[in-house]
Structure formats: structure tokens, C-alpha cells
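K.L.:
Using only what follows, build the 3D model:
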Amino acid sequence: MTRRELDAAGITDPALRAAYGRCRALNARHGRTYFLATRLLPADRRPAVHALYGFARWADDIVDDTATGATPGERGADLTRLDGLLRQALDGGRPTAEPVVRALADTAARYAIEPAHFTDFMASMRADLTVTDYATYADLRAYMHGSAAVIGLQMLPVLGTVTARAEAAPHAAALGVAFQLTNFLRDVGEDLDRGRIYLPADLLAAHGVQRDLLRWSRRTGRHDPRITAALRAAEDLTRGVYREAAPGLAML
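P.N.:
All right, here's what the predicted structure looks like:
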């Protein structure tokens, strides 16, 4: 974290400055384009964005950590531990030694971010340990509330609005969902490798696509017009959510 950013944000405590620095390092290493985009923000807002991203990255890494051979139960235990640290920090308990959680709690307090947004996020992260597909878009949207919509809602007070926050909130939530739907389209193969399909089963089935067909395409690298049609339908759905989000940009 640059000294200028921390000074601009009024973060003076040495341990807290180090905690924000840890979040910035996570952002720089794991979210390079996101990190570069954050640098377009005013210096005083950047530490908060790094804290929000750093925490989300940490939780996501726990869920997706297959490199160490951790079982779903072990990953669930790690997630429970993180959730406990988060709840303690948000409740104003004894400051945690975990720098990412400490920076997140400080950001939540500074910007009056609703604790429920973090609770909902953790619930969706836990779902990723056991849920491998979603029958309908409504089911997926419920998951994305915690995994994506709340990210937009967390960011909203950091960015600031020229209208009442409540007026901008639905658009911020929609933008989070639109970004995640875009990621789902990009990562169909990668998610399939983890045993997950995020595109709604009813949307895929409407174009004759089942899990076995996606696996065949992933394994062989061959195209199928049914998959192409399903992805185009998912793209249309995603563009519709971007249209929901668009009016909120002028409210920031």
C-alpha cells in the first residue's frame, strides 16, 4: 500500500496500515486488471476497495483450494474459522491478528457497510462446497445475491452516490450480478473441471445441452451448435442484467 493512499484515507495505526498493505498485495497478485482499475479511483478510496477484494479473494481461495488436496470438510472448517473471525471483528470484539479481516472490519466501520452483506457472501461461499449446479435462473440468482450482488452493495458506500444510497442500491447489486454472469460465461470449462455448472440447467436444457455434452466438449475441444446456442442465450440474459445496472452509473 502506498503511503499516499493510506495517508489520504486517514489510516494511521501501524498495524492497520500493514493489514491494508496485505490486502493490496493480494489484489495486485490475484486480480491484476481489477487492481489497475482500482488505481483510477481517488487515493483515499483505494484502501477500502483493496480490503473488500482481499477478503473476498481469501474466502474464494479456501473454497477452490484443490491444490493442497484439502477435502470439502477441511475447506468447510477453514471457512467456518474465517466466518468466526469475521463475525467477531464486525461485532467490535478484540481486534483479530488476521490482517485481511482486520482491514475489512475497519472498512466496514468507516463506510457503514451492512454486516448482512458479509454474512450473505459467506453463505454463498459455503454453498460452493456442496452445490454443483442450479436448476433455474431463480436458483442461480439466489446464490448470486451472496456471491455477487452484495459485492456491488459493499462497494456502493465506498464509491459514494449523488442520490440516496437506497435508490442506487438495486443497480449496484445488478452490476455485481452482471459481472459474475460474465465470469460464468468465460469460465464454463474451468468451472466444469471443478465439477460445477453455474449456467442454469433449464437454460441449457432448452438448447439440448446437458452436463455430459459439456464434458465431451471440454475433453475433446470440439464445438457443438447446441452449446453455442445456449451460451448465446446466456449472453442475452447477461446483457439484460447490464441494462438493469446501467442507470446506476450516473448515480455514483
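K.L.:
and the helix or strand bottoming out on mean pLDDT in the chain, which residues are buried?
P.N.:
Within the chain, confidence by mean pLDDT, DSSP states H and E is lowest for helix 32-38 among all helices and strands, at a mean of 86. By neighbour count on 16 or more other CB atoms under 10 Å, the buried set for helix 32-38 is 35, 38. C-beta here means a position set from N, CA and C on the backbone, and glycine is covered the same way.
K.L.:
Which other helices and strands does it contact?
P.N.:
Counting contacts by 3 or more CB pairs under 8 Å, 6 or more residues apart in numbering; DSSP states H and E, helix 32-38 packs against helix 14-30, helix 46-64.
K.L.:
right, so of these, which gets closest to residue 218?
P.N.:
With CB to CB as the criterion, residue 218 lies closest to helix 46-64 of the helices and strands packed on helix 32-38, at 17.4 Å.
K.L.:
What angle do helix 14-30 and that closest one make with each other?
P.N.:
Here the directions of helix 46-64 and helix 14-30 differ by 60 degrees (axes from the mean of the first three to the mean of the last three CA atoms, to 10 degrees).
K.L.:
so what secondary structure elements neighbour whatever helix or strand comes next after helix 46-64?
P.N.:
Next helix or strand after helix 46-64 toward the C-terminus (DSSP states H and E): helix 72-90. If contacts are counted by 3+ CB pairs under 8 Å, 6+ apart, helix 72-90 sits against helix 46-64, helix 99-110, helix 115-127.
K.L.:
Can you give the domain ranges for the protein?
P.N.:
With automatic domain parsing serving as the domain definition, the record reports that the chain contains domains spanning 1-115, 131-252.
K.L.:
how long is the last one from one end to the other?
P.N.:
What that stands for is domain 131-252. From the first residue to the last, domain 131-252 extends over 35 Å; the measure is CA to CA, to the nearest Å.
K.L.:
That domain: how far from the chain's middle?
P.N.:
Relative to the centre of its chain, domain 131-252 is centred 12 Å away, using CA atoms, centre = their mean, to the nearest Å.
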